[in-house]
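>>> Sharing a sequence plus its predicted fold:
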Amino acid sequence: MNDEKAVGLSIIMPAYNEEANIEKTIRAAHHVLARIGVEGEIVVANDGSRDRTLELLESLRADLPNLVVVNHHTNMGYGAALKSAVQASRGEYVATIDSDGQFDI
């Protein structure tokens, strides 16, 4: 975990070729943080996606200041993506969830 200015909760998401799902999943996480009144961040590790996942993440960052994007230039695998996202997080607590939207935030 990064030691800069801690936040309450970091929601960690690894992502690989998730252009169809990533925006909906991130906005759902953002909505949950706002609804429960927790100061938090959403940390997404783009794991070398070959689709528009990184482009969508970059555009979402303009709307969501609590979105942190970690980018792997090549696919390094699920575990490496989780590790990178956790290392970039600032939350006192960390929760992991897949970025494809299969689980309800």
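Okay, I see it.

>>> Could you look up the SS state of the spatially most central residue of the chain?
Note on the chain: the residue nearest the mean C-alpha position is Val44, at 2.4 Å, using CA atoms, centre = their mean. Applying DSSP: H, G, I helix; E, B strand; the rest coil to Val44 yields a three-state assignment of strand.

>>> wait, doesn't Glu18 sit right on Leu57?
No: taking contact to mean CB atoms under 8 Å, the distance of 9.3 Å between Glu18 and Leu57 leaves them out of contact. Bear in mind the C-beta positions are built from the backbone N, C-alpha and C, glycine included.

>>> residue contacts, the closest residue in space to the residue nearest to the centre of the chain that isn't next to it in sequence?
Nearest residue to Val44 in three dimensions, chain neighbours excluded: Met13, at 4.7 Å (CB to CB, 6 or more residues apart in numbering). For Met13, the contact set (CB atoms under 8 Å, 6 or more residues apart in numbering) comprises Thr25, Ile26, Ala29, Ile42, Val43, Val44, Ala45, Ala85, Thr96, Ile97, Asp98, Ser99.
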